[in-house]
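In: Pasting a predicted model and its sequence here:
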Amino acid sequence: MKSGPASASATSAVTITSPIFPVRFMTSFRSGGKKPSLIAPTDKVRYYAGRFSFSFVGDTGRGSGVGARKDAWDIVNDTRLEIIPLGGLGEFGMNCMVLRYGADIIVVDAGLMFSEVGHFGVDSMTPDFTFLERHREQVRAIILTHSHEDHIGSLPFLLKKVKAPVYGTPYTLRVVEPRLEEHRLWPSAELRSVQAGDAIQVGAFSVEYIRVSHSTVDCCALAITTPIGTIVHTGDFKFDATPVCGDPIDVNRLRELGRRGVLALLSDSTNVERPGQMPSERVVIPALEDIFDRATGRIFVSCFASSIHRIQIIFDLARQFGRQVVAVGRAMERNIELAERTGFLDTAGALASLKDFKRFHPSEMVVLASGCQGEPMGAMWRIADRSHRQAWMEAGDTVALSARQIPGNEKAISKLINRCYRNEVSVIDSTQARIHVSGHGAQEDLRLMLEAVRPKYFIPIHGEYRQLYQHKLFACQTLGYAPDRVLLIESGDVVTLDSETAQIGDKIVVHRVYIDDTCSLELDETLLRDRRRLAYEGVIIAGVAVEESTGSLLGPPEITTRGYLGVDGDEDEIAELRDVVLAAAEAVPPSDRVNGGKERFQEHLRLALKRHILRLTGQKPTIVPLVIAV
């Protein structure tokens, strides 16, 4: 095993390239297609459309953007290490950690978070990369620990702002490649493959990849050696001595690092509230084997497409019971192919094509389907809904939901289960049988990590505030760490270390970047609040036409409503609103309706309509007055 720095050229390198991301203007800036948005930009909103960005900047009180005046973050310090989480601390998802020493920056992971209830028109969220964009010339490398979306999902968006080589294990990079291709990022992206045990030198940092166990494969912790000491970043891990795929966690290397001295440990906090040790992935085999033994019809197994250990178990059981595996869902099909190509998955003699679904007797088939969280367009939902063109379920079949319920998805999963029962099938989930196990370590795993590495300072990462707080308590109460040796931080906090001390200093402002299908939006909560208001209370558009030269009214006002108290289409209600606008318009002298008085006239109409609606209903719909001079 390599224990010291090695040249980057000593690692196997894969260089990937692609054309520039195509220009796709947002609705608000293009002609044709949908109508422009009626919401005026508020505070700071930046619309990204391919190579173009349109920015609207207000007084937000937030940190300055790219190209702003120099401040403390522009000062280079050659004697201290800064650790700056841009995401993943105080929240689940968007994992991204920045380490800076002198003029050198490395980024560990670039993940995303899926949207929450109330985030209208938002599919996912990425960290705020403004800090990295501002210091793009200092970024030496992006280091990936493993292939889960909360660690790699925002990589395409980061690479549009920062050009740096991306290091990862072979399977991780295989998963990354199609995502970069979707964003047409080759040839600007450079991927460099490393193996567990390799060390790379990037600027002032030597980064060693250390094998760990997790729910997916080819995962690594990082030993990051700097001029002031070594930082160990665990990534996601558990102590699995008998993984289904690949080798177990390299605890000997972790202990060796601990003996040599580790300045700080950054450790996964996800399951800190669970006592004991997290079982091996193999713990699900008996329950799944029992399902295979009892089933007389088709077996549908739905799990996360990244759960390669679980997928291998299904293939092994299929061979044992004389069944063929059919993969359904793009993510499932792709991950099976990638894991097989990188040597982590053995499908020999058990993988059949979806085209052969009709050919097999139900007792000869296992269906591996993505969509275990009840996603409306997921493979499992479409099969249960009988809207999938090539796969279906029927009476006598068995469904095994081999995944945990992600908080917030309970209702969607319940709908999926109900839909399955409409097909008269048996449904088994992880509450009925042990067919799922977490890939994150429980308390005993966390204790083993701390005891192996023996860091001078400990920083809990990867969790909501409750997990970070509980991890600190666990380290102090169970392992005797002094409270001042455990740094409790959140995204945006800056930890400054030298060889002897560590302290939490200033905080940089980080916010979320909201992503939809066509573009990314860098915005704050104000715009989302406007969207929620539109969704819950509706919008009223009041149009008034005036003669351009005189300001005379050219006919009655036009009223259009959407989502306002069920009034849409109610002519009596609309007539009443029209009368309010007309009375307000007639109260303004014609000369004050045009030229310099137009904006005041529009605000006068808006306030009149707002007061009327508030007095009658107590509601506050968005009101958009439009004065058109003809």
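Out: Structure's in. What do you need?
In: beta partners of V544?
Out: V627 (DSSP bridges).
In: quick thing: my sequence starts at 52, can you match it?
Out: New numbering, starting at 52: the last item is V595.
In: Settle this for me: it is touching I610, isn't it.
Out: No. Look at V595 against I610 with Cβ atoms under 8 Å: they stay out of range, at 10.2 Å. (Each C-beta comes from the backbone N, C-alpha and C, glycine too.)
In: and those two? which has more neighbours close in?
Out: More crowded of V595 and I610, by other Cβ atoms under 10 Å: V595, with 23 against 20.
In: Tell me the spacing between Q653 and A346.
Out: 67 Å (Cβ to Cβ, to the nearest Å).
In: Specify the local secondary structure of the closest residue to I365 other than its chain neighbours.
Out: Once flanking residues are discounted, I365 sits nearest to V352: 5.5 Å by Cβ to Cβ, 6 or more residues apart in numbering. On the three-state scheme (DSSP: H, G, I helix; E, B strand; the rest coil), V352 is labelled strand.
In: I'd say V352 and V417 touch.
Out: Yes. Counting by Cβ under 8 Å, V352 does reach V417; the two are 6.5 Å apart.
In: three-state assignment of the most far-flung residue of the chain relative to its centre?
Out: Ranking residues of the chain by C-alpha distance from their mean position (Cα atoms, centre = their mean) puts T601 at the top, at 55.1 Å. Three-state call for T601 (three-state DSSP): coil.
In: related to what we said a few turns ago, any shared contact partners between V595 and I610?
Out: Taking Cβ atoms under 8 Å, 6 or more residues apart in numbering as the contact rule, V595 and I610 both touch V632.
In: before we move on, the earlier item: I'd say the residue farthest from the centre of the chain and P641 touch.
Out: Yes. Counting by Cβ under 8 Å, P641 is a contact partner of T601 at 5.7 Å.
In: Using the record's domain definitions, break the chain down for me.
Out: 59-116+131-327+490-573, 332-480, 589-680 (automatic domain parsing).
In: Turn the ones you listed into a markdown table, columns for distance to R580 and mean pLDDT.
Out: Formatted as a markdown table, these follow (distance: least, Cβ to Cβ, whole Å; pLDDT from 0 to 100):
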| stretch | distance to R580 | mean pLDDT |
| --- | --- | --- |
| domain 59-116+131-327+490-573 | 9 | 83 |
| domain 332-480 | 20 | 96 |
| domain 589-680 | 11 | 88 |
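In: need those in CSV with distance to D581, can you?
Out: Below are the domains of the chain laid out as CSV (distance: least, Cβ to Cβ, whole Å):
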stretch, distance to D581
domain 59-116+131-327+490-573, 5
domain 332-480, 23
domain 589-680, 7
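In: Please name whichever of these is nearest to R583.
Out: Closest of these to R583 is domain 59-116+131-327+490-573, at 5.6 Å (criterion: Cβ to Cβ).
In: Count the neighbours of G425 for me.
Out: 24.
In: which phi and psi does it have?
Out: Main-chain torsions, G425, degrees, to the nearest 10: phi 80, psi 20.
In: what helix or strand does the closest residue to G400 other than its chain neighbours sit in?
Out: Distances taken as Cβ to Cβ, 6+ apart put R370 closest to G400, at 6.4 Å, once the chain neighbours are dropped. Using DSSP states H and E, R370 sits within helix 359-371.
In: Pull out the buried residues from that helix.
Out: I359, H360, R361, I362, Q363, I364, I365, F366, D367, L368, A369, R370 (16 or more other Cβ atoms under 10 Å).
In: can you check stretch 646-664 too?
Out: G648, F652, Q653, H655, L656, R657, A659, L660, K661, H663, I664.
In: So the third one, which state does it fall into?
Out: Here Q653 is helix, with the state taken from three-state DSSP.
In: hmm, back to that, kindly provide the distance from the residue nearest to I365 to G373.
Out: Distance from V352 to G373, by Cβ to Cβ: 16 Å.
In: Could you check which of these two has the larger neighbour count?
Out: Neighbour count, other Cβ under 10 Å: between V352 and G373, V352 has more, with 28 against 10.
In: Spit out the contact partners of that one.
Out: L339, I365, V417, V418, L419, A420, A451, S453.
In: Kindly state the beta-bridge partners for it.
Out: L419, A451.
In: and what of S318?
Out: Bridge pairing for S318 - DSSP bridges - gives P511.
In: just checking, it touches Q518?
Out: No. S318 is not in contact with Q518 according to Cβ under 8 Å; the separation is 11.0 Å.
In: Between these two, which contacts overlap?
Out: P511.
In: So which of the two has more stuff around it?
Out: Between S318 and Q518, counting by other Cβ under 10 Å, S318 is the more crowded of the two (26 against 22).
In: check contacts around the more buried one.
Out: Here S318 is in contact with T285, L497, M500, L501, F509, I510, P511, I512, H513, H522 (criterion: Cβ under 8 Å, 6+ apart).
In: so how far is I510 from it?
Out: 8 Å.
In: T277 now?
Out: Taken as Cβ to Cβ, the span from T277 to I510 is 15 Å.
In: Who has more neighbours out of those two?
Out: I510 (28 against 21).
In: Is it correct that that one is in contact with V546?
Out: Yes. I510 lies in contact with V546 (Cβ under 8 Å); the separation is 6.7 Å.
In: so what sits against both of these two?
Out: I134, L538, I540.
In: Quick check, the first one in contact with L548.
Out: Yes. Because the distance of 7.1 Å satisfies Cβ under 8 Å, I134 is recorded as touching L548.
In: Name the residues contacting each of these two.
Out: A315.
In: Angles on the backbone of the residue lying closest to T281 once chain neighbours are set aside, please.
Out: Spatial nearest neighbour of T281, chain neighbours left out: V313 (5.1 Å); criterion: Cβ to Cβ, 6+ apart. Main-chain dihedrals, V313, degrees, to the nearest 10: phi -120, psi 130.
In: V313 and G138, how far apart?
Out: In terms of Cβ to Cβ, V313 sits 24 Å off from G138.
In: and the closest residue to V645 other than its chain neighbours, how many neighbours?
Out: Nearest residue to V645 in three dimensions, chain neighbours excluded: G602, at 4.4 Å (Cβ to Cβ, 6+ apart). Neighbour count for G602, taken as other Cβ under 10 Å: 20.
In: Give me the secondary structure label for the residue nearest to F288 when sequence neighbours are not counted.
Out: Distance criterion Cβ to Cβ, 6+ apart; nearest residue to F288, sequence neighbours excluded, is V263 at 4.0 Å. Following three-state DSSP, V263 is assigned to strand.
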